[in-house]
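Peer 1: 3D, please:
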Amino acid sequence: MIGRLSGLILEKRPPALLVDVQGVGYELEAPMSTFYDLPGLGERVTLFTHLMVREDAHILYAFSRDDQRQLFRALLKVSGVGAKMALAILSGMSASEFAACVQADDALALTRLPGIGKKTAERLIIEMRDRLDKMSLGQGITLPATTANLSVESPVADAVSALTALGYRPLDASRMVRAVAGEGMASEEIIRAALKGALG
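Peer 2: Below you'll find the model as predicted:
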């Protein structure tokens, strides 16, 4: 099991990133909450990881904090929740915010996340309540005041692509991005604003 990686960031294209670890490039998938914490391209980063082995692929998921990884692993144990939905949850809210929703029985807040309907939200609250009691979740993620570009090609296109990969329909993703995108905004800033707007 690969539990942690430390290396240089070569590419950032949400939800994927490429990290060079002593000459070996690791392709990783990560929630937006992790992307917000990442340094710029070419800089060193240490990430907690979770390796998922399937018949058709081995996928390595990356997290900037251990509480994110703990929550991701706990979510995978919930009936009907896969890795894509778990990433969407962690992209829409911090681990501590998710814990607060569960403790407050706030199914409505969870249904604002892509792919989560009322029944799934209720199941998450019921099944995660006991699991969260056993986890030591952090107090949320402090977003940096300044952020580096995720891509120099097209921040708007990258933002739409990232939201689509997180489970939003292409038309919805495009609408969300158009509503918040401004001149000179980096992909990361557009994605964060779009997710904030979607979750109210």
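Peer 1: Following element in sequence after whatever helix or strand residue 173 lives in, please.
Peer 2: Using DSSP states H and E, the element containing residue 173 is helix 170-180. Going down the chain from helix 170-180, the next helix or strand is helix 187-198, by DSSP H and E.
Peer 1: and that next one, how far from the chain's centre?
Peer 2: Between the centre of helix 187-198 and the centre of its chain there are 12 Å (CA atoms, centre = their mean, to the nearest Å).
Peer 1: returning to that earlier point: may I see the buried residues of the helix holding residue 173?
Peer 2: Residues of helix 170-180 classed as buried: 172-174, 176-177, 180 (neighbour count, 16 or more other CB atoms under 10 Å). Where C-beta positions appear, they are placed from N, C-alpha and C, glycine not excepted.
Peer 1: In CSV, could you pull the C-alpha coordinates for that helix?
Peer 2: This file holds the C-alpha atoms of helix 170-180, laid out as CSV (Å, rounded to 0.1, in the frame of the first residue of the first chain):
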residue,chain,number,x,y,z
PRO,A,170,-21.4,19.8,-18.6
LEU,A,171,-24.1,22.4,-19.1
ASP,A,172,-24.4,23.0,-15.4
ALA,A,173,-20.6,23.2,-15.0
SER,A,174,-20.4,25.7,-17.8
ARG,A,175,-23.3,27.8,-16.3
MET,A,176,-21.6,27.8,-12.9
VAL,A,177,-18.3,28.9,-14.3
ARG,A,178,-19.7,31.6,-16.5
ALA,A,179,-21.5,33.0,-13.4
VAL,A,180,-18.3,33.6,-11.5
